[in-house]
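A.B. asks: kindly generate the corresponding structure for this input.
(one chain, ligands or ions: 2)
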Amino acid sequence: MTVQPFVHSIRPPDFIPETFDNHIVRRLSDMRGQFADEAAYERLAGGGDPVLYEVYEFLTPAVAGELLSGISILHSGVVGEEYFMTKGHFHEVLDTAEIYHCLSGRGVMMMETPEGRSAAVDLVPGTILYVPPRWAHRSVNVAGDSDLITFFAYPAHAGHDYATIESRGFRRLVLQGDRAPRTVDNPRWKE
Ligand code: PAN
Ligand code: ZN
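C.D. replies: Ligands and ions are numbered 1, 2, ... in the order given. A predicted model of the protein is given here:
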(Lines give C-alpha, C1' and ligand atoms only; values in the text may rest on other atoms or scores of the structure.)
(Ligands and ions follow the chains in the order given, each with its own letter.)
Protein backbone atom coordinates (compact mmCIF):
# COMPACT_ATOMS: atom_id res chain seq x y z
CA MET A 1 0.00 0.00 0.00
CA THR A 2 1.44 3.39 -0.90
CA VAL A 3 0.56 6.51 0.99
CA GLN A 4 -0.22 9.70 -0.86
CA PRO A 5 1.15 12.98 0.52
CA PHE A 6 -1.26 14.30 3.15
CA VAL A 7 -1.65 17.28 5.45
CA HIS A 8 -3.40 18.00 8.72
CA SER A 9 -3.67 21.32 10.45
CA ILE A 10 -3.57 22.60 14.00
CA ARG A 11 -4.14 26.06 15.38
CA PRO A 12 -3.60 27.69 18.74
CA PRO A 13 -4.85 27.90 21.36
CA ASP A 14 -6.23 24.35 21.58
CA PHE A 15 -4.20 22.70 18.76
CA ILE A 16 -6.90 20.04 18.27
CA PRO A 17 -6.37 18.84 14.69
CA GLU A 18 -9.20 19.63 12.32
CA THR A 19 -8.83 16.14 10.85
CA PHE A 20 -7.28 12.98 12.29
CA ASP A 21 -7.48 9.19 11.95
CA ASN A 22 -7.66 8.02 15.54
CA HIS A 23 -8.56 9.61 18.88
CA ILE A 24 -7.31 7.98 22.08
CA VAL A 25 -8.76 9.07 25.44
CA ARG A 26 -7.03 7.96 28.62
CA ARG A 27 -8.78 8.34 31.96
CA LEU A 28 -7.68 8.06 35.56
CA SER A 29 -8.93 4.45 35.62
CA ASP A 30 -6.48 3.58 32.82
CA MET A 31 -3.64 4.65 35.16
CA ARG A 32 -4.52 2.51 38.18
CA GLY A 33 -1.35 1.48 40.00
CA GLN A 34 0.85 4.05 38.26
CA PHE A 35 0.66 6.94 40.75
CA ALA A 36 2.77 6.70 43.88
CA ASP A 37 0.10 7.89 46.35
CA GLU A 38 -2.56 5.17 46.19
CA ALA A 39 -4.82 6.81 48.79
CA ALA A 40 -4.83 10.03 46.78
CA TYR A 41 -5.61 8.01 43.65
CA GLU A 42 -8.61 6.37 45.34
CA ARG A 43 -9.88 9.73 46.63
CA LEU A 44 -9.75 11.23 43.14
CA ALA A 45 -11.27 8.10 41.57
CA GLY A 46 -14.11 8.28 44.10
CA GLY A 47 -15.19 11.59 42.60
CA GLY A 48 -15.43 10.25 39.04
CA ASP A 49 -13.08 9.20 36.28
CA PRO A 50 -11.49 12.33 34.81
CA VAL A 51 -9.84 12.36 31.40
CA LEU A 52 -6.07 12.75 31.90
CA TYR A 53 -4.99 12.97 28.28
CA GLU A 54 -6.04 12.63 24.67
CA VAL A 55 -4.03 11.69 21.60
CA TYR A 56 -4.99 12.50 18.01
CA GLU A 57 -3.11 10.24 15.60
CA PHE A 58 -2.29 10.63 11.92
CA LEU A 59 -1.99 6.98 10.96
CA THR A 60 0.29 5.37 8.40
CA PRO A 61 1.00 1.69 7.66
CA ALA A 62 2.92 0.09 10.54
CA VAL A 63 6.02 -0.68 8.48
CA ALA A 64 9.64 0.49 8.59
CA GLY A 65 10.09 3.66 6.57
CA GLU A 66 6.75 5.21 7.53
CA LEU A 67 6.32 7.79 10.32
CA LEU A 68 3.35 7.93 12.67
CA SER A 69 2.62 11.39 14.06
CA GLY A 70 0.00 13.18 16.07
CA ILE A 71 -0.92 15.58 18.84
CA SER A 72 -0.93 14.72 22.54
CA ILE A 73 -2.98 16.87 24.95
CA LEU A 74 -2.25 16.18 28.62
CA HIS A 75 -4.53 17.97 31.08
CA SER A 76 -3.28 19.51 34.32
CA GLY A 77 -3.82 18.15 37.78
CA VAL A 78 -2.23 16.11 40.54
CA VAL A 79 -2.71 12.79 42.28
CA GLY A 80 -1.38 13.61 45.73
CA GLU A 81 1.86 15.44 44.94
CA GLU A 82 2.37 13.76 41.58
CA TYR A 83 1.43 15.58 38.41
CA PHE A 84 -0.87 14.14 35.77
CA MET A 85 1.24 12.13 33.33
CA THR A 86 0.99 9.70 30.44
CA LYS A 87 1.31 5.95 30.97
CA GLY A 88 4.73 6.00 29.35
CA HIS A 89 6.32 3.16 27.41
CA PHE A 90 9.30 1.63 25.72
CA HIS A 91 8.90 1.10 22.01
CA GLU A 92 8.37 -2.57 21.28
CA VAL A 93 11.03 -2.25 18.57
CA LEU A 94 13.44 -0.86 21.14
CA ASP A 95 15.80 0.59 18.57
CA THR A 96 13.38 3.30 17.41
CA ALA A 97 13.50 6.99 18.32
CA GLU A 98 10.86 9.71 18.60
CA ILE A 99 10.65 13.48 18.15
CA TYR A 100 8.47 15.67 20.37
CA HIS A 101 7.75 19.35 19.72
CA CYS A 102 6.12 21.23 22.59
CA LEU A 103 3.39 23.54 21.31
CA SER A 104 1.84 24.78 24.56
CA GLY A 105 2.05 24.47 28.33
CA ARG A 106 4.83 23.40 30.63
CA GLY A 107 6.03 19.85 31.11
CA VAL A 108 8.78 17.39 31.78
CA MET A 109 9.64 14.37 29.65
CA MET A 110 10.81 11.62 32.00
CA MET A 111 13.01 9.09 30.21
CA GLU A 112 15.04 6.00 31.09
CA THR A 113 16.89 3.13 29.47
CA PRO A 114 16.67 -0.58 30.32
CA GLU A 115 20.25 -0.26 31.62
CA GLY A 116 19.21 2.28 34.26
CA ARG A 117 20.10 5.66 32.80
CA SER A 118 17.52 8.32 33.57
CA ALA A 119 16.87 11.80 32.14
CA ALA A 120 14.27 14.52 32.67
CA VAL A 121 13.93 17.30 30.09
CA ASP A 122 11.82 20.44 30.48
CA LEU A 123 9.21 21.06 27.80
CA VAL A 124 8.15 24.63 27.04
CA PRO A 125 6.57 25.98 23.86
CA GLY A 126 9.18 25.70 21.11
CA THR A 127 11.17 22.85 22.65
CA ILE A 128 12.10 20.12 20.19
CA LEU A 129 13.09 16.97 22.06
CA TYR A 130 14.81 13.97 20.50
CA VAL A 131 14.10 10.77 22.40
CA PRO A 132 16.82 8.36 21.24
CA PRO A 133 16.26 4.66 20.55
CA ARG A 134 15.96 2.53 23.74
CA TRP A 135 14.66 5.35 25.97
CA ALA A 136 11.25 4.86 27.61
CA HIS A 137 9.34 8.15 27.75
CA ARG A 138 6.51 9.64 29.78
CA SER A 139 5.13 13.20 29.50
CA VAL A 140 4.32 15.01 32.75
CA ASN A 141 2.25 18.23 32.91
CA VAL A 142 3.84 20.49 35.53
CA ALA A 143 1.66 23.56 34.88
CA GLY A 144 -1.00 24.27 37.45
CA ASP A 145 -3.76 25.21 35.10
CA SER A 146 -3.01 24.60 31.42
CA ASP A 147 -2.77 21.64 29.06
CA LEU A 148 0.61 20.31 27.92
CA ILE A 149 0.33 20.02 24.14
CA THR A 150 2.96 18.27 22.03
CA PHE A 151 3.39 17.12 18.45
CA PHE A 152 5.17 13.76 18.12
CA ALA A 153 6.50 11.59 15.31
CA TYR A 154 8.07 8.13 15.44
CA PRO A 155 8.67 5.12 13.16
CA ALA A 156 5.29 3.60 12.40
CA HIS A 157 6.48 0.04 13.05
CA ALA A 158 7.80 0.89 16.56
CA GLY A 159 4.87 -0.50 18.56
CA HIS A 160 4.41 0.10 22.31
CA ASP A 161 5.59 -1.91 25.29
CA TYR A 162 3.40 -0.64 28.14
CA ALA A 163 3.71 -3.76 30.30
CA THR A 164 7.26 -3.09 31.50
CA ILE A 165 6.37 0.33 32.90
CA GLU A 166 3.01 -0.90 34.25
CA SER A 167 4.74 -3.58 36.29
CA ARG A 168 7.77 -1.68 37.59
CA GLY A 169 7.10 2.05 37.05
CA PHE A 170 9.68 4.67 36.09
CA ARG A 171 12.81 5.00 38.24
CA ARG A 172 12.12 8.68 38.89
CA LEU A 173 8.90 10.60 39.71
CA VAL A 174 8.00 14.25 39.08
CA LEU A 175 6.33 15.83 42.11
CA GLN A 176 5.08 19.25 43.11
CA GLY A 177 7.67 21.31 44.98
CA ASP A 178 7.36 24.55 46.95
CA ARG A 179 8.52 26.71 44.07
CA ALA A 180 9.25 24.34 41.21
CA PRO A 181 8.62 20.72 40.30
CA ARG A 182 11.11 18.25 41.75
CA THR A 183 12.19 14.80 40.62
CA VAL A 184 12.70 12.06 43.18
CA ASP A 185 13.55 8.35 43.16
CA ASN A 186 10.45 6.19 42.84
CA PRO A 187 10.24 4.33 46.18
CA ARG A 188 8.19 1.57 44.56
CA TRP A 189 10.43 1.04 41.51
CA LYS A 190 10.99 -2.68 40.93
CA GLU A 191 14.02 -4.22 39.22
C1 PAN B 1 3.16 9.18 21.92
C2 PAN B 1 2.39 8.70 23.14
C3 PAN B 1 1.35 9.65 23.68
C4 PAN B 1 0.58 9.03 24.86
O5 PAN B 1 2.35 9.13 20.81
O6 PAN B 1 1.80 7.48 22.77
O7 PAN B 1 1.98 10.81 24.12
O8 PAN B 1 1.41 8.40 25.78
P9 PAN B 1 1.25 6.84 26.12
O10 PAN B 1 1.32 6.12 24.81
O11 PAN B 1 2.40 6.52 27.01
O12 PAN B 1 -0.09 6.63 26.78
C13 PAN B 1 4.33 8.23 21.76
O14 PAN B 1 5.28 8.31 22.48
N15 PAN B 1 4.22 7.28 20.85
O16 PAN B 1 5.19 6.36 20.65
ZN1 ZN C 1 6.72 6.63 22.04
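A.B. asks: tell me how many other residues crowd Gly65.
C.D. replies: The local packing count at Gly65 equals 9, with neighbours defined by other CB atoms under 10 Å. To be clear about C-beta, it is placed using only N, CA and C from the backbone, and glycine gets the same treatment.
A.B. asks: can you list the residues of the protein near ligand 1?
C.D. replies: Where proximity means CB under 6 Å from any ligand atom, the interface of the chain facing ligand 1 comprises 26, 55, 70, 72, 86-89, 98, 137, 139, 152, 154, 160.
A.B. asks: among the residues you listed, which are located in strands?
C.D. replies: In this view, the residues of the chain next to ligand 1 that belong to strands under DSSP state E are Arg26, Val55, Gly70, Ser72, Glu98, His137, Ser139, Phe152, Tyr154, His160.
A.B. asks: looking at those, which is nearest ligand 1?
C.D. replies: Taking CB to the nearest ligand atom as the measure, ligand 1 lies nearest Ser72 of those, at 3.7 Å.
A.B. asks: list the contacts for the closest one?
C.D. replies: With contacts defined as CB atoms under 8 Å, 6 or more residues apart in numbering, the neighbours of Ser72 are Tyr53, Glu54, Val55, Thr86, Ser139, Leu148, Ile149, Thr150, Phe151, Phe152.
A.B. asks: any idea which of those is the one closest to ligand 1?
C.D. replies: Looking across the contacts of Ser72 and measuring by CB to the nearest ligand atom, the closest to ligand 1 is Thr86, at 3.6 Å.
A.B. asks: quick one, what contacts the closest one?
C.D. replies: When contacts are counted by CB under 8 Å, 6+ apart, Thr86 touches Arg26, Leu52, Tyr53, Ser72, Leu74, Arg138, Ser139, Val140.
A.B. asks: 7 Å instead?
C.D. replies: The contact partners of Thr86, taken as CB atoms under 7 Å, 6 or more residues apart in numbering, are Tyr53, Leu74, Arg138, Ser139.
A.B. asks: right, and the third one touches Phe170 too?
C.D. replies: Yes: when contacts are counted by CB atoms under 7 Å, Arg138 is listed as touching Phe170 (6.0 Å).
A.B. asks: need the residues touching each of the two.
C.D. replies: Going by CB under 7 Å, 6+ apart, residues that sit against Arg138 and also against Phe170 are Gly88, Met110.
A.B. asks: residue ranges with poor pLDDT in this structure?
C.D. replies: Under the criterion pLDDT under 70, the flagged ranges of the chain are 1.
A.B. asks: just put the contacts of Ser72 in CSV and tack on distance to Gly107.
C.D. replies: Putting those into CSV (distance: CB to CB, whole Å) gives the following:
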residue, distance to Gly107
Tyr53, 11
Glu54, 15
Val55, 15
Thr86, 10
Ser139, 6
Leu148, 4
Ile149, 9
Thr150, 8
Phe151, 13
Phe152, 13
